[in-house]
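Novice: here is the input, now give the coordinates:
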Amino acid sequence: MTAPKQKAKFGFVVRFELGLLGMISLTLVTGCIFFWMFIIGIWAGQTILQPTPGEEKSPLAKLAGALQPGNKAAVEPLASAEQKKNMAPESGASPESAPAAGTEWAEAEPSFFALQVSAVKDQERAQQDVAQWRGRGYEAFSVPPEDKDDPFFRVYVGKFDKLAEANQLIAKLEKEEKVKAYIALLPASRLQAP
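Specialist: Alright, predicted model coming up:
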């Protein structure tokens, strides 16, 4: 005697079966798709980041070059040609006395890496946090808000020329102090004397 067939809840059954040859074919097709996605990704990345001969670097390429390990130059301001033209010296200075095009951007402001450990709205609280971090033996400082829309005083620990040094201190702070810190690239002009 045979068991009665059970009917599916929705009235139909979908089956998908593959043999050995089907599995091999599916694997091969999937591998080819991923391979070509990889190749197209490399090609797209190179065409976006590499300028054509005679063309100025794209803003994305400038940023990528500035963030390379070991590059001492700070991130170059990414201003358009119109913005650069508007920043030309005024007050009767002759065009000959102005620096050559592009040279005003060549000397970037010095910068450093620091670890942001907190952000508070009260300046007194920020100074208390700085004092606590200094009491623990760390080089700490606070930075006032950049503009009127930003109400936070940020507290930073450390001052590093290399990103690797900042990463080492982050690991130490997370392990020993149980603090979540964030790496920030700060211009030297934002640092105020204590």
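Novice: tell me the helix or strand right after the least confident helix or strand in the chain by mean pLDDT.
Specialist: Lowest by mean pLDDT, DSSP states H and E among the helices and strands of the chain is helix 81-86, with a mean of 48. Using DSSP states H and E, the helix or strand that follows helix 81-86 towards the C-terminus is strand 111-120.
Novice: now the helices: where do they sit in the chain?
Specialist: Counting by DSSP state H, one finds helices in the chain at the ranges 20-49, 59-66, 81-86, 123-135, 163-172.
Novice: so which elements touch the last one?
Specialist: Read that as helix 163-172. Helix 163-172 sits against strand 111-120, strand 153-160, strand 182-187, with contacts defined as 3 or more Cβ pairs under 8 Å, 6 or more residues apart in numbering; DSSP states H and E. C-beta coordinates here come from the backbone N, C-alpha and C atoms, glycine included.
Novice: switch the cut-off to 7 Å
Specialist: Helices and strands touching helix 163-172, by 3 or more Cβ pairs under 7 Å, 6 or more residues apart in numbering; DSSP states H and E, are strand 111-120, strand 153-160.
Novice: could the ones you listed go into a markdown table alongside distance to Ile170 and mean pLDDT?
Specialist: Formatted as a markdown table, the helices and strands packed on helix 163-172 follow (distance: least, Cβ to Cβ, whole Å; pLDDT from 0 to 100):
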| stretch | distance to Ile170 | mean pLDDT |
| --- | --- | --- |
| strand 111-120 | 6 | 89 |
| strand 153-160 | 9 | 89 |
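Novice: deepest of those, which one?
Specialist: Most buried of these by mean neighbour count (mean count of other Cβ atoms under 10 Å) is strand 153-160; its value is a mean of 22.
Novice: what angle do it and helix 163-172 make?
Specialist: 120 degrees (axes from the mean of the first three to the mean of the last three Cα atoms, to 10 degrees).
Novice: state the paired neighbours of strand 153-160 in the sheet, together with their directions.
Specialist: strand 111-120 (antiparallel), strand 140-143 (antiparallel) (DSSP bridges).
Novice: tabulate those strands (CSV), appending distance to Val29.
Specialist: Shown next, in CSV, are the strands paired with strand 153-160 (distance: least, Cβ to Cβ, whole Å):
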stretch, distance to Val29
strand 111-120, 46
strand 140-143, 54
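Novice: can you give me the neighbour number for Phe35?
Specialist: Counted with other Cβ atoms under 10 Å, the neighbours of Phe35 add up to 10.
Novice: then Asp122?
Specialist: Asp122: 11 neighbours (other Cβ under 10 Å).
Novice: repeat that for the one 5 residues further on.
Specialist: With neighbours defined by other Cβ under 10 Å, the count for Gln127 comes to 15.
Novice: buried stuff in stretch 185-194?
Specialist: Residues of stretch 185-194 classed as buried by neighbour count (16 or more other Cβ atoms under 10 Å): 186, 190.
Novice: can you tell me what sits against it?
Specialist: For stretch 185-194, contacts defined as Cβ atoms under 7 Å, 6 or more residues apart in numbering pick out 74-75, 109-114, 141, 143.
Novice: which residues does Arg154 bridge with?
Specialist: Using DSSP bridges, the beta-bridge partners of Arg154 come out as Ala119, Val143.
Novice: please consider this matter closed, and thank you.
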